[in-house]
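K.L.:
The amino acid sequence is not available; the structure is as follows:
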DNA sequence: CAATACTAATCC
DNA sequence: GGATTAGTATTG
């Protein structure tokens, strides 16, 4: 994975694209010396400082491009980021530059453009990431709310279960009804006897009847 | 082309 | 006045 800088202060203030801001000036600067054959053992071969100074004294070519030159180069870059030989030479003579300078400018510009693109993609990803994080917190609070509701509902269910349990214990079941009906029949049979004997013997006094009843049946 | 050297300009 | 920035150029 690429080493992504995640420092909190690494925000827009240090975006690479902001670094590119051509100034409006033209400088007469020393041209670089041609690379000579002295190869240092460690560092990369560098231009001869002595030669640069010498050429600066001679007042040779400018280093930084003028704003006019940059403007034209930018316009050309906007059309097509690649540079064919023909366009390169035309631009070079138009700008009074070496064709190699134009080529190098395009190369550097492409690098800058690539950085800008990456930067843009990064900011888009960051935006998406931030909103995802935000949504996550929203969803999490939603979860908490729903959990609370669920606990409440469970509580409610438990209460209802308890109530129905109580009701079941004290309610009349079908068995109860049948048992009662059975008893009723038995009693009715006995009552029939009682009624019958009451009518037969024409008892008016309950005690008298009762004694007679007990006597004749038991 | 990527990496980076180089350096004027600018910042702090 | 040293660190940083920005643009140009070189090297592999």
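P.N.:
Yep, it's here. This structure is a prediction, so every number in the text was calculated from the model and none was measured.

K.L.:
When you work out contacts or count neighbours from here on, use the C-alpha atoms and nothing else.
P.N.:
Fine.

K.L.:
Point out the other helices and strands that the longest helix belonging to chain A packs with.
P.N.:
Using DSSP state H, we find that the single longest helix of chain A is helix A:99-170. On a contact count with 3 or more Cα pairs under 8 Å, 6 or more residues apart in numbering; DSSP states H and E, helix A:99-170 meets helix A:85-95.

K.L.:
Any chance you could list what contacts the helix it packs on?
P.N.:
For helix A:85-95, contacts defined as Cα atoms under 8 Å, 6 or more residues apart in numbering pick out A:69, A:73, A:98, A:99, A:101, A:102, A:103.

K.L.:
which among those gets closest to DNA strand C?
P.N.:
Top of the list for closeness to DNA strand C, among the contacts of helix A:85-95 and by Cα to the nearest atom of the strand, is residue A:101 at 4.2 Å.

K.L.:
pLDDT at the closest residue to the closest one other than its chain neighbours, what is it?
P.N.:
Excluding its sequence neighbours, the residue lying closest to residue A:101 (Cα to Cα, 6 or more residues apart in numbering) is residue A:92, at 7.9 Å. For residue A:92, the model assigns a pLDDT of 94.

K.L.:
Tell me, how many residues neighbour residue A:92?
P.N.:
19 (other Cα atoms under 10 Å).

K.L.:
distance of it from residue A:81?
P.N.:
16 Å (Cα to Cα, to the nearest Å).

K.L.:
do residue A:170 as well
P.N.:
Applying Cα to Cα to residue A:170 and residue A:81 gives a distance of 90 Å.
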